[in-house]
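Engineer: Got a sequence here, can you build the structure:
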Amino acid sequence: MIHTFRKIIKPLSINPKKLFLIDSIGALLSAFFLFVVLRNFNEYFGMSKSILTYLSAIAACLCIYSTLCFLILKDNCIPFILGLGIANLLYCIFTIGLIVFNDPLITIIGTIYFLLEIGIVCGLVCIELHVATTIKKNIIDIG
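Structural biologist: Sure, this is the predicted structure:
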């Protein structure tokens, strides 16, 4: 598993713009599912429409941030990757808080959806933080 993780980190460290692209696509998918799918079928998921709207707005903001980083950044992307990783981690913590707070209302399907989303985003956070660390290490080794 560590070997597979390194195979993911190395190419993203060489071309970190791909990481921003991956994150923006993921955030776009999250925003779409939260706003379009879960809101229209919220009785199956148990989370209120207003909360789903807030979560989708956060995901849309993360999508915009990642897309702008992908399109604009040329170099010195470490602080932006770290910022994205922290923002994604805060999104996960916020979502966990909403699950706990709304526990009596959330269905099993809703719990599964949110836990899967949190798992995927936390995996992405680990990759983002490792990519930032690897880039920083490579800069120090070269300099």
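Engineer: For the helix or strand Lys137 falls within, what is the distance to the chain centroid?
Structural biologist: If you go by DSSP states H and E, Lys137 is part of helix 108-142. Distance, stretch centre to chain centre, for helix 108-142: 7 Å (Cα atoms, centre = their mean, to the nearest Å).
Engineer: how about it: buried residues?
Structural biologist: Going by neighbour count (16 or more other Cβ atoms under 10 Å), the buried part of helix 108-142 is 110, 113-114, 117-118, 121, 124-125, 127-132, 134-135. Where C-beta positions appear, they are placed from N, C-alpha and C, glycine not excepted.
Engineer: And those, which is closest to Asp75?
Structural biologist: Distance to Asp75 across the buried residues of helix 108-142 (Cβ to Cβ) is lowest for Ile135, with 10.2 Å.
Engineer: Among the buried residues of helix 108-142, which one sits closest to Ile81?
Structural biologist: Taking Cβ to Cβ as the measure, Ala132 is the one of these closest to Ile81, at 4.4 Å.
Engineer: Confirm for me that that closest one is in contact with Ile78.
Structural biologist: Yes. In this structure Ala132 lies within contact range of Ile78 using Cβ atoms under 8 Å: 5.0 Å.
Engineer: List the contacts of stretch 89-98.
Structural biologist: The contact list for stretch 89-98, computed with Cβ atoms under 8 Å, 6 or more residues apart in numbering, reads Met47, Ile51, Leu55, Ile58, Ala59, Leu62, Phe114, Glu117, Ile118, Val121, Cys122, Val125.
Engineer: hey, where'd the helices end up in this structure?
Structural biologist: 2-14, 17-32, 39-40, 42-45, 49-72, 78-101, 108-142 (DSSP state H).
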